[in-house]
Structures are given as C-alpha cells and as structure tokens.
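Trainee: quick one, structure for this:
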Amino acid sequence: VAASRRSLKEKTADDKGCIGVEWNNLLMQDSICAAYLDILEDVKKCATGKYDFHSLWPKSCQVKSSCQPLARSFYQTLASGSCSLFSDGNRWVDIKQVVFLEPNFRQDTQVGDISFEVFRLLSEGGKVIIDLPGDVYNSFLEYDLAAAIRDKIYDKRKFFCELFFPNIALVPSRQRDKLVLYVLDLCVQPDKNDGDFDYFIKSHECIPASPDGYKLKCPGQLINPYKTVASLYSPEDQRFPFGTSETFLNSLRLAKLEHLGMLTDDLPWPEVAERAENVLFLSETNGEAALKRVKALIDLLERKLLHEEETPFSDDVRNRFLQAKFLPLLQKPYKFPLHWKGHEMQTGSKITLLSPKEIFLQSEKYLVCCSEPIVDQRMPSVVQKFLCLDKKKATLDHVASQIDVASSINAKSLDKLASEQLNKVCLAAYKYLQEALDSEEVDTEQLRESFRRKKFILCGHEFVFAEQVAFRLDGDCSPYLYQLPHELAKSFDG
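Mentor: As a prediction, the model looks like this:
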C-alpha cells in the first residue's frame with residue numbers, strides 16, 4: 001500500500017521500476033480476479049429475480065486507475081467463455097451462448113424497447129438474449145475485446161437485415177408497424193441512410209395495405225391514394241398504404257415510398273389491362289363506381305397512347321383489352337320508336353358492360369342500333385383506334401336491317417319526339433346508301449334489287465316505294481306520287 005496506508009501504491013513518473021505496483025497488478029489479475037469471480041458465482045446462486053447479472057461488475061468508466069488490471073482481467077476471463085455469469089433472468093450461461101442488441105440501438109428512445117421485444121421473439125438457435133448495458137459493452141471495447149463480442153452483437157443494420165425483415169410476418173402488427181416506420185424515416189434522412197435501408201423496404205413486403213392493414217406489400221405493389229391512378233382502385237383491392245397522416249399516409253413517407261417504387265400517375269400496361277378486366281366484377285356490387293372507373297380508365301389510356309413511343313404495348317395487352325367487358329352499354333333513348341338491340345342485353349337495373357369486340361361507337365348509332373349494341377362512353381380517337389372501334393363500321397346488311405325495322409312501324413302514330421328519332425335513322429341510312437353508291441362499294445343493281453318492292457322512303461309520316469317519290473312536285477299527287485321531304489331533297493338533289 002501507499003505510505004499513507006489509505007490507497008494502493010501507484011507508480012509515479014519518477015519511478016523507473018516499482019515492484020510494489022507490479023505485485024499489486026499481478027495479484028489483481030490473478031488471485032483477486034479469481035476471488036471476485038467466485039463471489040459472483042456464489043451471488044448468482046442466491047440471487048432473486050430482481051438481480052441484474054451485471055450489477056456487481058466493474059465498469060471501465062468507474063474503475064480507478066490502480067484497479068484497472070483487475071477490471072481488464074475480469075473482462076478477459078468473461079471473454080474466454082470460462083464463466084457463466086450472463087443471464088436473461090431464467091438461466092446462467094457463458095459469453096459463447098449470448099447475443100445482445102448494440103447498446104446505442106437498444107437505448108434508442110423511439111424503438112429501443114420494441115426492438116428488444118422483437119429481438120427476443122425472433123432469435124433462434126438456442127441463444128440467450130441478454131440486455132447488455134452500454135457501460136458494460138464499452139468495457140469490453142476499452143479492454144481490447146471487441147473481437148470476442150463481435151458476433152454476439154446485433155446492431156441496427158444486422159437486426160433489420162438478418163432478423164426483422166426476413167421474419168416480418170411473425171411480428172405482431174403494433175411492433176411491426178413502428179419498426180417499419182422507423183426504418184422508413186431513416187430512409188428519408190440522407191445522413192442516416194447508407195442505401196441498405198432503402199433496399200430493406202423496397203425488397204420486402206412490409207407496408208400494411210388497405211382496407212384493414214393485415215396484408216403487407218412492397219412499395220412497388222402500392223398505389224399512392226392521392227395520385228391519379230388511385231381512381232382505378234378501391235381500398236378492397238389492397239393497393240393503398242393503410243394508416244393515417246401520422247403513420248403511413250404521412251406526406252414525407254409517401255414521397256419516400258414513391259421513390260422506392262409506389263405507383264402514382266401511371267401504370268404498366270399489364271396492370272391497365274387488369275383494371276379493365278376488373279371493371280366487370282366491380283359493376284356487380286357498385287355500378288356507379290364501375291362507371292367512374294371506366295372514365296378514369298379511358299383517360300389513362302388516352303394519356304398513355306399519346307406517349308406510346310415511351311411505353312409501347314404488346315399484342316397480348318391489346319387482346320386483353322379487346323376481350324375485357326368494361327364498356328358500358330348505351331340504353332335506349334327516351335321515346336326511341338324502333339327496336340333497340342342493347343335493350344335485349346340489359347339485365348335489370350344493373351349496368352351492362354360489353355367488350356370492344358361486341359360494341360359499336362355512338363357515331364354509328366343510327367345505322368346499327370337495331371342489330372348492334374352501342375357504347376355509352378366518350379372515346380378519344382386515339383383510344384378508339386387502340387380498341388379497334390374505329391374500324392367497326394356499319395355494313396349494307398346493318399343499314400338494310402335498320403330500314404326494314406323502321407318501315408315496319410306505324411309512323412303516323414308517333415309523336416313529335418319519336419318522329420324526329422325515326423327521321424334521323426332514315427336520313428342516316430339514306431346517306432350511307434348514297435355514299436356506298438358514290439364510292440362504288442355497292443353495285444347499283446344489287447342495291448336496287450335489295451329494296452325492290454319495299455316501302456323504304458319516309459315521306460312525312462309514311463313509307464312509300466321509291467317509284468312513288470319525286471324530288472319536285474307542283475301539286476299534291478298522293479297516294480300515287482309524293483314529293484321527297486325538303487330535308488331529304490336538300491341532301492340528295494344532285
């Protein structure tokens with residue numbers, strides 16, 4: 001001891017050698033350390049559940065310089081695995097059997113406690129989970145024992161990479177969501193994100209999806225609920241992040257999810273085709289929502305097709321659209337006097353949806369409505385072309401059928417509105433026939449033969465034979481001869 005008898009002897013700067021100090025160091029490294037370890041072995045046998053295994057350990061930050069040899073020897077002995085002085089509260093083991101969270105991560109005020117709970121839940125392989133304080137951890141480092149504990153440590157990156165994300169399905173939702181939000185916030189902060197955390201979020205199904213948050217999705221499988229293509233989805237489709245403005249619907253987090261692949265204002269072509277196919281299923285439960293989706297779908301198609309060189313479509317995608325029943329059927333107009341083909345296809349009060357292969361544009365309405373269904377949807381020309389609707393034109397058979405149906409009704413019994421509709425049908429049919437003759441698509445004799453002995457010219461409120469019609473008459477010669485109505489005469493008088 002020192003001359004004062006109040007402390008151990010210490011080596012001074014003037015001492016070239018001090019046997020007393022060296023003797024003390026050897027005693028502390030050997031006999032005293034052994035005795036200290038024996039005491040700890042005895043203490044653990046009578047310890048209660050409130051005893052923390054490390055509470056009586058020397059800490060490098062607290063040990064006086066004269067006692068440093070004891071502390072160093074103590075930690076060296078622990079690191080060798082010869083003492084079972086580590087405990088999780090249930091059993092005592094040596095250092096070779098333990099794992100622990102890196103103290104700075106364990107003490108994180110946001111997720112430290114939750115991470116430790118999940119750590120205990122997910123650790124496998126018979127390892128004992130210990131809660132190692134920062135001063136103990138630092139003591140191992142201070143005494144050059146980092147290598148001895150390196151494979152025991154789970155730092156932030158190792159915890160999320162090797163434990164949490166690969167086993168995320170096993171983690172209760174409350175803990176899971178808090179940890180995912182924590183990592184997502186790390187992704188938003190460049191100074192705390194080395195790229196690994198981006199990868200963790202992007203490559204794992206970890207974001208709870210609508211409508212209840214039970215299903216987990218990767219960012220690339222999600223749709224931003226506040227952006228354009230969200231109108232093509234319902235919460236039941238499980239494509240929106242589930243949460244509130246305080247959790248997954250926070251604007252900064254949504255922006256990061258977009259950066260990681262969440263869809264916003266555009267969709268890949270196969271997904272657009274799938275949305276078209278889905279409209280039919282939606283219509284069975286919500287007709288109004290289905291009609292809104294059709295409009296949104298047509299708008300998206302127009303935008304994509306106008307930039308087709310950037311996002312070309314395949315033949316398979318186009319064929320899916322041509323077969324998908326997603327176009328609404330135009331209902332029979334009020335007081336339309338003729339047979340309406342679409343009326344046959346109407347099923348009660350539900351909306352009727354047909355594929356592009358089955359339907360005609362409204363521009364062909366008065367030429368085909370008696371024999372073909374008509375679409376009830378605005379259709380930009382670029383979309384018409386994509387759906388091959390621009391090629392679906394009335395034929396001579398269609399027009400002949402229209403005239404047959406029109407001429408079979410009692411035109412005299414129609415009111416003003418019905419008469420106007422009938423006149424539109426007939427005028428459209430006559431114009432078609434004239435253009436077919438002018439372009440020589442139809443042979444004159446063939447056309448004459450098709451309508452021979454048929455009353456198909458509408459004069460006023462009745463149909464008459466072609467031979468009974470003149471472009472100009474000075475007087476009333478009915479029922480033998482009729483003047484062609486002014487509207488018709490104006491259109492066809494060469």
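Trainee: nearest residue to residue 133 other than its sequence neighbours?
Mentor: Counting by Cβ to Cβ, 6 or more residues apart in numbering, the nearest residue to residue 133 once its immediate chain neighbours are dropped is residue 54, at 6.2 Å. For the C-beta atoms, the positions are set from N, CA and C on the backbone; glycine is no exception.
Trainee: what about that neighbour, distance to residue 48?
Mentor: For residue 54, the distance to residue 48 (Cβ to Cβ, to the nearest Å) stands at 16 Å.
Trainee: pLDDT wise, what is residue 3 at?
Mentor: The score at residue 3 is 47. That number is its pLDDT.
Trainee: I should have written residue 493 there, sorry.
Mentor: Residue-level confidence at residue 493 comes out at 60, pLDDT.
Trainee: okay, stretch 428-439 in CSV with CA atoms only?
Mentor: Output in CSV follows, covering the C-alpha atoms of stretch 428-439 (Å, rounded to 0.1, in the frame of the first residue of the first chain):
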residue,chain,number,x,y,z
ALA,A,428,-78.5,8.3,-91.8
ALA,A,429,-79.5,5.2,-93.7
TYR,A,430,-80.1,7.1,-97.0
LYS,A,431,-76.8,9.0,-96.7
TYR,A,432,-75.0,5.7,-96.1
LEU,A,433,-76.6,4.2,-99.3
GLN,A,434,-75.7,7.3,-101.3
GLU,A,435,-72.1,7.2,-100.2
ALA,A,436,-71.8,3.5,-100.8
LEU,A,437,-73.1,4.1,-104.4
ASP,A,438,-70.7,7.1,-104.9
SER,A,439,-67.7,5.1,-103.8
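Trainee: for it, list every residue counted as buried.
Mentor: 428, 429, 430, 431, 432, 433, 436 (16 or more other Cβ atoms under 10 Å).
Trainee: who does residue 374 bridge with?
Mentor: Note on residue 374: beta-bridge partners by DSSP bridges are residue 360.
Trainee: excluding its backbone neighbours, what's nearest residue 414?
Mentor: In space, and not counting its chain neighbours, residue 414 is closest to residue 337: 5.5 Å by Cβ to Cβ, 6+ apart.
Trainee: same check on residue 214?
Mentor: What sits nearest to residue 214 in space, not counting adjacent residues and going by Cβ to Cβ, 6+ apart, is residue 208, at 7.3 Å.
Trainee: so for residue 54 and residue 48, which residue has more residues nearby?
Mentor: Residue environment comparison for residue 54 versus residue 48 gives the larger neighbour count to residue 54, 18 against 5, counting by other Cβ atoms under 10 Å.
Trainee: following element in sequence after the top helix by length along the chain, please.
Mentor: With secondary structure taken from DSSP state H, the chain has its longest helix at helix 416-438. Towards the C-terminus, the helix or strand next in line after helix 416-438, according to DSSP states H and E, is helix 444-451.
Trainee: which parts of that next one are buried?
Mentor: Using 16+ other Cβ under 10 Å as the test for burial, helix 444-451 gives 450, 451.
Trainee: what's it in contact with?
Mentor: Contacts to helix 444-451, defined as Cβ atoms under 8 Å, 6 or more residues apart in numbering, come from residues 396, 400, 403, 433, 436, 437, 466.
Trainee: quick test: name the residue nearest the centre of this structure.
Mentor: Taking Cα atoms, centre = their mean, the centroid of the chain lies closest to residue 222, which sits 1.8 Å from it.
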